[in-house]
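Asker: curious how this folds, go ahead:
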Amino acid sequence: MNTEALIATLHTLCAAPLQLGTQLTGAMMLRLGTLALALFTAIGQLVHQQRDPRLVLAYCDLVEKFAQQVHHEQLATALDAQLSGAHALSLESFDRLRAGTCALEGEPELAVGRTCYKSAGGLLAAWLGLNYFEAQRRIDDAYLLIGRRTAQGESCEPRLPALARLYAEGGADRRSITATARRLEKLEPKDTTFDGIPDQLTARDTDGQLLEVHAARALAQLGPNAARKEISTRIGIYKELHTEKQPPALGLFIGPVIQGVHEFTLRTLASHAQVIRSIRVQSADWRTQAGKAARNATAEPDTDAPAPSPEANTQQPVADTAVTPSDPPSDPSWLQPETPMPAWAKSADEPSVADGTAHCTAQPEPVGSANDVLTPELRALNAFMAVLTATSTGGKFKPVIPRIFVYMWLSDLQNLAEAHGVTSNGVNLPPGELRRTLADANIIPVVLGGNSQPLDLGRSRRYHEGYVRAAVLARDRGCIVPDCTTPPDHVEIDHYQRAWADGGTTSVQSGAGLCPEGHHSRHVDQIKIVDVDGLPHVILPAHLDPEQKPRRNTYWGALQLGDSPDREETPPDPPEES
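Answerer: Numbers count the residues shown, from 1 in each chain. From the prediction side, this is the model:
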């Protein structure tokens, strides 16, 4: 048999089981499934041997489709085991099934008296070698997404119908759908279907729509990161409005000292949390002076240094500042290599030790020991300590200046009794804190609605800085590449309409928020940015988005075109005069 005949035969076999239907015995169906598994395994072995990257990627996609279908079958068969009463089979039947000598024709032999297993979950755990809770979890997940068992032992509709439809269609990752269903189930009252009492879903969003409907829409339309964050935000708001549990006490709590390391627990409200988040995010940005200083932070302030100004903490790249031999080194002494850097690793403009121009000035040790890895958490601690130890006359190292931008719609500003705000770092501000936050003179509210005053620097400056940058981020919230999770403080502003080197201007309209990776992707034409009614949208490559639809990232709260809550529906056209 040649390859074409083999493929034709396999294609016929794929449709044969459904066409034959009841003509296939149970033993035949199991035999076909075993052969399919063997075929899949043999194909995988051939793929592993060839090492063709194109074949590997195509096979990765195929394996993922198998995994998604296997996930469905795991839940479906767990439900079948529950509905068919598989745990009531006799001990002899279990033994013969495992040995492969059980005849599947005729009626199954059930246990007389007490059954070997108390439930289908216990049977699946022993039969498949699973933890009991994992086996029972499959049955519970099937109740949510495939079907439930009634008091009569029959199947009925699943508890979460919108997610169940999405799960059956395979319109999103089935594992993510299952995880979301578990979270939503915790918000609902106990399922009473098995007791013969109909139940209905009760968890609704602030707009009156079921949380499940919102979750299904997010999973189907958004990327995994953006969908997870939107669902978590809606669930969090629902819990705040409906929970009766008292929140933990606020304050700074002193913990134990573990091998010389002091532990503290800090609990704050959302507005204070945004200050700390701003410090943490800015300290991790190597492009800013404050972020660079966080790598060398010390607890010893220098009272002779001038006080830092808010304008000095902009996102101007450090690379744009000229470096002279008298400048201090960018890294502390404990990060300097003991041996010269090889020639192949040096940049063209980098001085060498042999030239005598390398910086050798010793630097103070940062927080932690020399053996500590300079993690983002340690840099955040350095920046936080710099803020706490800085005096009114300034510090030796430039501290991070926390910034709070609150994004809200005009309709929210007119209804502060129920309005929620979102900070630039994604912290949700409940109504009470939002009102107190807006009363603070140090807060910059960015109200979205109506025609905003355009900000334009023309050709005078290349980089989008200050309030021009703030206005771009108020519109884009962060990187506009769909599902990107780069913090807004690390986002670069790209001249997407016309490059600055080609005569482009620096303005809100000309800029689009892009993470460094997205910025690179645009310049190599991997992604395209188009203007749609004044909003920059991303067109992903065809292999990621065959529809080639302009999209915007919603992970940080930016809305798609036409989603503004202030937008009124277009009135119908007046009737024509007769």
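Asker: make it CA atoms for all contacts and neighbour counts henceforth
Answerer: Fine.
Asker: please name the nearest non-neighbouring residue to residue 119.
Answerer: Once flanking residues are discounted, residue 119 sits nearest to residue 87: 5.9 Å by CA to CA, 6 or more residues apart in numbering.
Asker: and the contacts of the helix or strand where residue 30 lies?
Answerer: Applying DSSP states H and E as the criterion places residue 30 in helix 26-50. The contact list for helix 26-50 (CA atoms under 8 Å, 6 or more residues apart in numbering) reads 17, 55, 56, 59, 103, 104, 105.
Asker: quick one, which of these are buried?
Answerer: Neighbour-count burial (16 or more other CA atoms under 10 Å) applied to the contacts of helix 26-50 gives residue 59.
Asker: could I get the contacts of helix 26-50 as CSV with distance to residue 477 and pLDDT?
Answerer: Shown next, in CSV, are the contacts of helix 26-50 (distance: CA to CA, whole Å; pLDDT from 0 to 100):
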residue, distance to residue 477, pLDDT
17, 52, 77
55, 38, 92
56, 37, 92
59, 37, 93
103, 64, 82
104, 61, 82
105, 63, 82
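Asker: how about the longest helix along the chain: buried residues?
Answerer: In the chain, with assignment by DSSP state H, the single longest helix is helix 53-83. For helix 53-83, burial by neighbour count (16+ other CA under 10 Å) applies to 59, 68, 72, 74, 75, 76, 78, 79, 80, 81, 82, 83.
Asker: skip the chain neighbours and tell me the closest residue to the fourth one.
Answerer: It refers to residue 74. Leaving aside its sequence neighbours, residue 74 sits nearest to residue 138 (CA to CA, 6+ apart; 7.1 Å).
Asker: check which helices and strands the strand or helix carrying the one you found sits against.
Answerer: Element membership for residue 138, per DSSP H and E: helix 132-145. Helix 132-145 makes packing contacts with helix 53-83, helix 120-128, helix 161-169, helix 174-185 when contacts are defined by 3 or more CA pairs under 8 Å, 6 or more residues apart in numbering; DSSP states H and E.
Asker: quick one: work out the angle between it and helix 53-83.
Answerer: If you take axes from the mean of the first three to the mean of the last three CA atoms, to 10 degrees, helix 132-145 sits at 90 degrees to helix 53-83.
Asker: beyond helix 132-145, next helix or strand please.
Answerer: That would be, after helix 132-145 and using DSSP H and E, strand 148-149.
Asker: need the next SSE after that next one, C-terminal direction.
Answerer: Scanning forward in sequence from strand 148-149 by DSSP H and E, the next helix or strand is strand 155-156.
Asker: adjacent strands (with direction) for that next one?
Answerer: Using DSSP bridges, strand 155-156 pairs in its sheet with strand 148-149 (antiparallel).
Asker: and for the strand it pairs with, what's in contact with it?
Answerer: With contact meaning CA under 8 Å, 6+ apart, strand 148-149 is reached by 79, 83, 142, 143, 154, 155, 156, 157, 158, 159, 193, 194.
Asker: rounded mean pLDDT for that strand, please.
Answerer: For strand 148-149, mean pLDDT is 86.
Asker: same question for stretch 528-548.
Answerer: Model confidence over stretch 528-548 averages 89 on the pLDDT scale.
Asker: and it, how far out from the chain middle?
Answerer: 20 Å (CA atoms, centre = their mean, to the nearest Å).
Asker: show me what counts as buried in it.
Answerer: Buried positions in stretch 528-548, judged by neighbour count with 16+ other CA under 10 Å: 528, 529, 530, 535, 536, 537, 538, 539, 540.
Asker: re the thing from before, residues in contact with the residue nearest to residue 74?
Answerer: Residues counted as contacts of residue 138 (CA under 8 Å, 6+ apart) are 74, 75, 78, 79.
Asker: want to throw the residues you listed into TSV with pLDDT and distance to residue 507?
Answerer: Formatted as TSV, those follow (pLDDT from 0 to 100; distance: CA to CA, whole Å):
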residue	pLDDT	distance to residue 507
74	95	54
75	95	54
78	94	58
79	93	59
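Asker: let me know the closest of those to residue 467.
Answerer: Nearest to residue 467 out of the contacts of residue 138 is residue 75 (CA to CA; 52.6 Å).
Asker: for that closest one, give me its contacts.
Answerer: Residue 75 makes contact with 138, 139, 141, 142, 146, according to CA under 8 Å, 6+ apart.
Asker: quick one: contacts for the closest residue to residue 131 other than its chain neighbours?
Answerer: In space, and not counting its chain neighbours, residue 131 is closest to residue 125: 5.7 Å by CA to CA, 6+ apart. Contacts for residue 125 (CA under 8 Å, 6+ apart) come out as 131, 132, 134, 135.
Asker: now residue 530: how far from residue 544?
Answerer: Using CA to CA, to the nearest Å, residue 530 is found at 17 Å from residue 544.
Asker: cool, and residue 124?
Answerer: Distance check for residue 124 against residue 544: by CA to CA, it reads 38 Å.
Asker: how about residue 464?
Answerer: Counting by CA to CA, the gap from residue 464 to residue 544 is 30 Å.
Asker: what about residue 159, neighbour count?
Answerer: 23 (other CA atoms under 10 Å).
Asker: nearest residue to it other than its sequence neighbours?
Answerer: Counting by CA to CA, 6+ apart, residue 144 is the residue found nearest to residue 159 once chain neighbours are left out, at 4.8 Å.
Asker: which residues touch the one you found?
Answerer: Here residue 144 is in contact with 158, 159, 160, 164, 181 (CA under 8 Å, 6+ apart).
Asker: need the per-residue pLDDT for residue 226.
Answerer: Per the predicted model, pLDDT is 90 at residue 226.
Asker: so who does the residue nearest to the spatial centre of the chain touch?
Answerer: Nearest to the geometric centre of the chain sits residue 225, at 2.4 Å (CA atoms, centre = their mean). The contact partners of residue 225, by CA under 8 Å, 6+ apart, come to 483, 484, 485, 555.
Asker: using CSV, list the CA coordinates for the host helix or strand of it.
Answerer: Element membership of residue 225, judged by DSSP H and E, is helix 224-242. C-alpha atoms of helix 224-242 as CSV (Å, rounded to 0.1, in the frame of the first residue of the first chain):
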residue,chain,number,x,y,z
PRO,A,224,-5.8,34.8,27.7
ASN,A,225,-4.1,37.5,29.8
ALA,A,226,-6.7,40.3,29.1
ALA,A,227,-9.6,37.8,29.6
ARG,A,228,-8.2,36.6,32.9
LYS,A,229,-7.7,40.1,34.2
GLU,A,230,-11.1,41.3,33.1
ILE,A,231,-12.8,38.3,34.8
SER,A,232,-10.8,38.8,37.9
THR,A,233,-11.7,42.5,38.1
ARG,A,234,-15.5,41.8,37.7
ILE,A,235,-15.3,39.0,40.3
GLY,A,236,-13.4,41.3,42.7
ILE,A,237,-16.0,44.0,42.4
TYR,A,238,-18.8,41.5,42.9
LYS,A,239,-17.2,40.2,46.1
GLU,A,240,-16.7,43.7,47.4
LEU,A,241,-20.4,44.5,46.9
HIS,A,242,-21.8,41.2,48.3
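Asker: any buried residues in that helix, and which?
Answerer: Neighbour counts over helix 224-242 (16+ other CA under 10 Å) mark 224, 226, 227, 228, 229, 230, 231, 234, 235, 237, 238 as buried.
Asker: repeat for stretch 119-135
Answerer: Neighbour counts over stretch 119-135 (16+ other CA under 10 Å) mark 119, 120, 121, 122, 123, 124, 125, 135 as buried.
Asker: same question, stretch 139-156
Answerer: Of the residues in stretch 139-156, 139-150, 155 count as buried by neighbour count, 16+ other CA under 10 Å.
Asker: looking at the residues you listed, which is nearest residue 382?
Answerer: residue 141 (45.1 Å).
Asker: contacts only, for the closest one.
Answerer: The neighbours of residue 141, taking CA under 8 Å, 6+ apart as the test, are 75, 178, 181, 182.
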